[in-house]
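Asker: Need coordinates for the below:
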Amino acid sequence: MAEQSQELQRSREKLRSLAAELAVAEERERRHIARELEDHLTQPLKLGRMKLGHVIRQTTTASVGALLQDIDEIMDRALKFTESLAVNLTPPVLHEQGFQPALQWLANRMGQHGLAVSLHPTPKEPRLDSDQAIILFQSVRELLFNVLKHAGTRRAALSVAHQPTGHLSVTVKDEGRGIQTDELEQPGDPDSRFGLFTIKERMAKLTGRMEVRSLPGQGTSVTLLIPIGSPPEADLSDGKPETTERLRVLLVDDHAMVREGLRSILEHYHDLEVVGEAGDGMEAVKLARTRHPDVVVMDINMPRLDGIAATRQIKRDLPSTAVIGISVQDSSQIEQAMISAGAAKFLTKDRAASHLHDAIVSAR
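Answerer: The predicted model follows:
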């Protein structure tokens, strides 16, 4: 009997590990596919639109200009589709800004599916490692879709809180038809139990737990709790300026084709000088310290160190250096994160061809 009990416990532990590892593996594969879309489809289309926009501005023949505008609109539709596809695969905001901004993005996204979600965040962003953030985010997304499919309501509340016990709690609550919580422990079709068993096992793997409160006709509240460290404190400070006759510009993007496109546009302006290029945030910080640019054109989503963190470091070291954020995502959350980090302006990449020069000059 003892051996059977031990074997059952080992099987349970394997199941918990598998549930957590599957969630992480799925998210990594989603990120890989989204990255492939960006590298081999979105970025080439962006570069093409940049160069096309430059040609359109120089075209004097009306018929040729109209034809180029038609081509530009076709490319724009293709871009919007690929960007939407990549975002649906995995939200960049989760990896670029953190867990709570990703929940806000998710709440907004659920509205497009017909579920109005009100978010009540904790004042300080939780300190989560990558796997914790992925597992929690996927679990919350599944819970919200459960509300949409099963609860018979079009409203839900999502709250995040730091508990005195050192746990982070994330609660999804609705006022729908409710469920019998004792049915969750009964065998049967996982879908009939709303997939909560899998989420429960994921939480257990994170040494946390899931709490469900529900009664038929009185709605459902599902709380996910995991142990975490204290939230980080704010980090803000300043540095020292340097100027030249022509505005010195540092280009930062992890795609060489995009850097090439930006450089080709800026080289037409005699009041600017491109003094360097960086392929990630860490390289950008190092180059900024040695090249002392007047303006840094900063991509957001990059390996090693993202554009938001790099902007914060550059503004700390060189407060007079202006930073202009650029991104394939036209997101108010990303824009606000860059502005909060110290950026002077934010542009989408498809607007860079026609607006980047003016943005650089006005940023100084």
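Asker: what's the distance between the spatially most central residue of the chain and residue 166?
Answerer: Using Cα atoms, centre = their mean, the residue of the chain that lies closest to the mean C-alpha position is residue 93, 1.2 Å off. Remark: distance between residue 93 and residue 166 (Cβ to Cβ, to the nearest Å) = 26 Å. For the C-beta atoms, the positions are set from N, CA and C on the backbone; glycine is no exception.
Asker: mind checking the SS state of residue 325?
Answerer: strand (DSSP: H, G, I helix; E, B strand; the rest coil).
Asker: bridging residues for it?
Answerer: Beta-bridge pairing for residue 325 (DSSP bridges): residue 298, residue 346.
Asker: Could you report the distance from it to residue 198?
Answerer: Distance of residue 325 to residue 198, given as Cβ to Cβ: 38 Å.
Asker: what does residue 173 give?
Answerer: The separation that residue 173 has from residue 198, given Cβ to Cβ, amounts to 20 Å.
Asker: Can I get stretch 104-118 as CSV, trimmed to CA atoms?
Answerer: C-alpha atoms of stretch 104-118 as CSV (Å, rounded to 0.1, in the frame of the first residue of the first chain):
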residue,chain,number,x,y,z
GLN,A,104,-3.9,45.0,-19.6
TRP,A,105,-3.2,44.0,-23.2
LEU,A,106,-5.1,40.7,-22.6
ALA,A,107,-8.0,42.6,-21.0
ASN,A,108,-8.2,44.9,-24.0
ARG,A,109,-7.9,41.9,-26.3
MET,A,110,-10.8,40.0,-24.6
GLY,A,111,-13.0,43.0,-25.3
GLN,A,112,-12.6,42.2,-29.0
HIS,A,113,-14.0,38.7,-28.3
GLY,A,114,-17.0,40.2,-26.4
LEU,A,115,-15.8,39.9,-22.8
ALA,A,116,-15.4,43.2,-20.9
VAL,A,117,-12.6,42.7,-18.4
SER,A,118,-11.8,45.2,-15.7
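Asker: Run through who's touching that stretch.
Answerer: 91, 93-94, 119, 121, 137, 140-141, 144-145, 147-148, 154-158, 331, 333 (Cβ atoms under 8 Å, 6 or more residues apart in numbering).
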